[in-house]
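Peer 1: Below is the structure, and that's it, no one-letter string:
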Ligand code: BES
Ligand code: MN
Ligand code: ZN
């Protein structure tokens with residue numbers, strides 16, 4: 001599928017399908033409405049009256065047209081003053097889905113710009129199209145069955161000027177999102193710590209990258225007792241992945257991104273019971289998928305920023321070698337942890353990864369983790385929680401996420417709650433009481449960062465969806481990649 005911008009006017013554009021957006025209660029006043037109504041000999045007006053189309057967000061009507069385009073789909077954009085980049089993404093996705101379903105090959109899209117920023121608007125539209133068309137059929141014996149065949153060949157973006165750079169950027173970022181989706185969708189017998197390290201090795205082929213994969217013995221030498229205990233019952237060796245990107249010029253900033261990389265989380269001896277979603281726990285590496293997805297985009301975008309991508313990859317399994325609940329381990333900063341619940345394993349892997357990241361002398365560290373069910377209880381499936389002691393970093397992450405249309409909400413690092421993590425025998429326990437479970441998890445992580453500005457993102461909710469929504473198809477969403485790229489590239 002090729003996406004391109006074009007100067008062709010609305011009445012001259014000829015192709016299979018034309019998609020156009022209208023603002024709520026401003027349909028008839030729109031110039032494009034008048035043009036298109038004329039071109040369709042009044043059919044547009046008739047159809048919109050018949051279907052009572054008002055331009056509300058989510059509304060859509062499609063019909064055969066007597067004009068240059070054979071079919072037209074009209075989508076509602078909601079109130080003009082409420083337009084966001086995200087509404088453009090969603091509108092573009094809705095148009096592309098309609099055209100694809102009706103087996104169209106060439107699609108024209110005419111959508112307005114957000115805040116007259118034609119480059120950002122084009123980027124959002126191109127993302128909406130690309131991401132809505134991505135379907136992961138790798139594990140079907142007949143990948144193209146049931147209407148999954150790709151029909152769209154060419155997508156022309158009308159009315160936003162020449163935007164080839166914005167389109168190229170959107171496509172590069174989308175490649176990162178798609179990598180993240182595919183890593184998360186792949187089951188735990190396909191994506192393992194070993195294959196995650198192989199994926200990092202493939203990413204390291206791009207200009208500017210170097211890769212270091214620490215094996216178990218090297219992690220032992222660094223004293224990573226928290227990370228290593230999580231994987232000790234697995235038959236697959238743990239891999240500590242450190243992928244570095246350095247620009248050719250001088251780096252403006254030095255950043256670290258740490259992703260939780262549990263390729264499967266059984267819960268360990270605190271085994272996840274039936275009904276708790278154990279069968280979905282291949283997705284417990286979605287933080288690392290976002291991290292590697294961002295690395296993919298960085299490799300393509302080549303920004304002037306040094307970025308360290310870190311994943312302590314392992315599986316949380318059971319065997320005779322499993323952690324006993326009650327075991328005490330020592331992390332690489334010397335702190336001791338009583339493991340009162342083997343299912344709170346993500347924070348153990350992140351503890352050593354954060355210590356490692358801080359030693360690199362970076363300006364800021366951001367971690368992403370499918371860390372707690374409690375975060376889903378607090379914020380639902382669409383919104384990630386953000387914890388940070390630094391307002392500046394928290395705000396930078398929040399604005400990056402706003403532009404990306406990836407919802408986040410800042411949560412409190414309520415120090416008092418750390419009392420619930422006190423251990424009789426060790427420096428701390430890995431699990432506190434049930435109330436505020438996502439906050440105590442964040443407070444636990446905080447013990448492993450001394451002075452570097454740090455933000456923690458609990459992404460347990462938004463990395464996965466059951467039903468098609470906007471530009472996401474059921475399964476992994478690739479959540480986090482676009483916010484990270486915005487944060488890195490600025
Ligand atoms: N990977 C889970 C968190 C999770 C739950 C992610 C549901 C996505 C969907 C994490 O390792 C975990 O098991 N957390 C426990 C912590 C508890 C034992 C303190 C949880 O949330 O129940
Ligand atoms: Mn767990
Ligand atoms: Zn987990």
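Peer 2: That came through fine. Computed from a prediction, not measured in an experiment: that's the story for all the values here. Ligands and ions are numbered 1, 2, ... in the order given.
Peer 1: contacts and neighbour counts: CA atoms only from here.
Peer 2: OK.
Peer 1: Residue numbers of the stretch 351-490 of the chain in contact with ligand 1?
Peer 2: Within the stretch 351-490 of the chain, the positions near ligand 1 by C-alpha under 6 Å from any ligand atom are 370, 371, 372, 373, 374, 431, 460.
Peer 1: Max pairwise distance over those residues: which two?
Peer 2: 431 and 460 (17.1 Å; C-alpha to C-alpha).
Peer 1: what about the helices in the stretch 251-400 of the chain?
Peer 2: Per DSSP state H, counting those that start in this stretch, the stretch 251-400 of the chain carries helices over the ranges 286-301, 346-359, 373-379, 391-404.
Peer 1: Nearest to ligand 2, out of the ones you listed?
Peer 2: helix 346-359 (6.4 Å; C-alpha to the ion).
Peer 1: what's that closest one in contact with?
Peer 2: With C-alpha atoms under 8 Å, 6 or more residues apart in numbering as the test, helix 346-359 has contacts from 224-228, 230, 256, 258-260, 262, 308, 310-313, 331-333, 365, 369-371, 430, 441, 444-445, 448-450, 452.
Peer 1: Can you list which of those residues are found in strands?
Peer 2: Per DSSP state E, strands hold the following members of the contacts of helix 346-359: 256, 258, 259, 260, 262, 308, 310, 311, 312, 313, 365, 369.
Peer 1: okay, the residues of the stretch 351-490 of the chain next to ligand 1 in CSV with neighbour count next?
Peer 2: Output for these, formatted as CSV (neighbours: other C-alpha atoms under 10 Å):
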residue, neighbour count
370, 28
371, 26
372, 21
373, 16
374, 19
431, 24
460, 26
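Peer 1: Can you tell me which of the residues you listed is closest to residue 80?
Peer 2: So of these, ranked by how close each gets to residue 80 (C-alpha to C-alpha), first place is residue 460, at 33.0 Å.
Peer 1: Can you tell me how far that closest one is from ligand 2?
Peer 2: For residue 460, the distance to ligand 2 (C-alpha to the ion, to the nearest Å) stands at 11 Å.
Peer 1: if we can go back for a sec, can you go through the contacts of helix 346-359 and name the buried ones?
Peer 2: 224-228, 230, 256, 258-260, 262, 308, 310-313, 331-333, 365, 369-371, 430, 441, 444-445, 448-449 (16 or more other C-alpha atoms under 10 Å).
Peer 1: gap between the helix or strand harbouring residue 20 and the chain center?
Peer 2: Element membership for residue 20, per DSSP states H and E: strand 17-22. Here the centre of strand 17-22 is set off from its chain's centre by 27 Å, with C-alpha atoms, centre = their mean, to the nearest Å.
Peer 1: so what does it touch, helix or strand wise?
Peer 2: strand 71-76, helix 85-101, strand 106-110 (3 or more C-alpha pairs under 8 Å, 6 or more residues apart in numbering; DSSP states H and E).
Peer 1: As JSON lines, those with mean neighbour count, mean pLDDT and distance to ligand 1 would be great.
Peer 2: Output for the helices and strands packed on strand 17-22, formatted as JSON lines (neighbours: other C-alpha atoms under 10 Å; pLDDT from 0 to 100; distance: least, C-alpha to the nearest ligand atom, whole Å):
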{"stretch": "strand 71-76", "mean neighbour count": "24", "mean pLDDT": "98", "distance to ligand 1": "34"}
{"stretch": "helix 85-101", "mean neighbour count": "24", "mean pLDDT": "98", "distance to ligand 1": "25"}
{"stretch": "strand 106-110", "mean neighbour count": "25", "mean pLDDT": "98", "distance to ligand 1": "37"}
